[in-house]
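Visitor: Build me a structure from this.
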Amino acid sequence: MKSVICASLIASAAAFAPASTGARSSTSLEVSKKSPALPFLPYPANLEGYAGDVGFDPLRFSDFAPMDFLAEAEIKHGRICMLAWLGFVSVDMGARIYPLPEAYEGLTSVTAHDALVQQGAMSQIFLWCGIFEVVATVSLIQMLYEESGRAPGDFGLDPLGFLNGKSEAEVNRMKLREVKNGRLAMLAFSAVVTQSVLTQGPFPYV
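Guide: Numbering: from 1, shown residues only. This next block holds a predicted model:
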């Protein structure tokens, strides 16, 4: 009788034990997959399928923030920094838009900030950038919560037709190039500002 009771208890406990299936082995494989960029860390699974994915997310933002939001933020900052680096260096190489206000004479990219704050130009830049961000936020919300179908960073702006007649593979290659150049530009703009402040000299800031 005791053996029958013990057998019944074992069978009941086994019903709540995790089953040994193929899902368990696949989970083990996912856990063991390492990041290509940081091989000592696990691969952030939510990055898969996005342009420029090399498994680099050491702070694991992709675990709790929407990936479309993160991807759009990276593309936007990359685009801004590509323009910012070009504009910063161009001014220090002598590029100007004429007629030039007298208050702007002799300014460098570094000294222009305080001068433009005093003149009120920076307030205008802040205003227009703020308006643009509000408008862009509407499309971001539609992308994240209303399934608008818009890809991160895609505002339909291609005036030179770089993507016209391109295959899907060629379009993906162009997207990858933009992401890589944007990442480089973010580092480059930080470096050029730092170097120009340290040297107080014209380009190439040595």
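
Visitor: going forward, measure contacts and count neighbours with C-alpha atoms only.
Guide: OK.

Visitor: Low-confidence ranges, this structure, go.
Guide: By pLDDT under 70, the low-scoring segments of the chain are 1-31.

Visitor: ok, which stretches of it are strands?
Guide: For the chain, no strands are identified by DSSP state E.

Visitor: gap between Val171 and Phe162?
Guide: 9 Å (Cα to Cα, to the nearest Å).

Visitor: Looking at the two, which is more packed in?
Guide: More crowded of Val171 and Phe162, by other Cα atoms under 10 Å: Val171, with 15 against 10.

Visitor: Which residue, other than its chain neighbours, is closest to Asn46?
Guide: What sits nearest to Asn46 in space, not counting adjacent residues and going by Cα to Cα, 6 or more residues apart in numbering, is Ser62, at 6.0 Å.

Visitor: Name the residue closest to the centre of this protein, please.
Guide: Residue closest to the average C-alpha location in the chain (Cα atoms, centre = their mean): Glu74, at 1.5 Å.

Visitor: So that one versus Pro204, what's the distance?
Guide: 27 Å.

Visitor: got it, and Glu168?
Guide: From Glu168 to Pro204 the distance is 39 Å (Cα to Cα).

Visitor: Ok, Asp154 next?
Guide: 34 Å.

Visitor: try Pro39
Guide: For Pro39, the distance to Pro204 - Cα to Cα - is 36 Å.

Visitor: again with Gly182
Guide: Distance from Gly182 to Pro204, by Cα to Cα: 21 Å.

Visitor: Tell me which of those two has more neighbours.
Guide: Between Gly182 and Pro204, counting by other Cα under 10 Å, Gly182 is the more crowded of the two (22 against 12).

Visitor: Pull the contacting residues for the residue nearest to the more buried one when sequence neighbours are not counted.
Guide: Spatially, and ignoring its direct neighbours in sequence, Gly182 is nearest to Gly78 (3.6 Å; Cα to Cα, 6+ apart). Shown in contact with Gly78 (Cα atoms under 8 Å, 6 or more residues apart in numbering): Val179, Asn181, Gly182, Arg183, Leu184, Ala185, Met186.

Visitor: Is it possible to get a markdown table of those that adds distance to Glu105?
Guide: As requested, the contacts of Gly78 are exported to a markdown table (distance: Cα to Cα, whole Å):
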| residue | distance to Glu105 |
| --- | --- |
| Val179 | 36 |
| Asn181 | 33 |
| Gly182 | 31 |
| Arg183 | 33 |
| Leu184 | 31 |
| Ala185 | 28 |
| Met186 | 28 |
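
Visitor: ok, Arg183 - how many residues close by?
Guide: Arg183: 19 neighbours (other Cα under 10 Å).

Visitor: Disregarding residues adjacent in the polypeptide, which is nearest to it?
Guide: That would be Gly78: by Cα to Cα, 6+ apart, it lies 5.8 Å from Arg183.

Visitor: With Leu107 as the reference, measure out to that neighbour.
Guide: For Gly78 relative to Leu107 (Cα to Cα), the value is 26 Å.

Visitor: for Leu157, same thing?
Guide: From Leu157 to Leu107 the distance is 33 Å (Cα to Cα).
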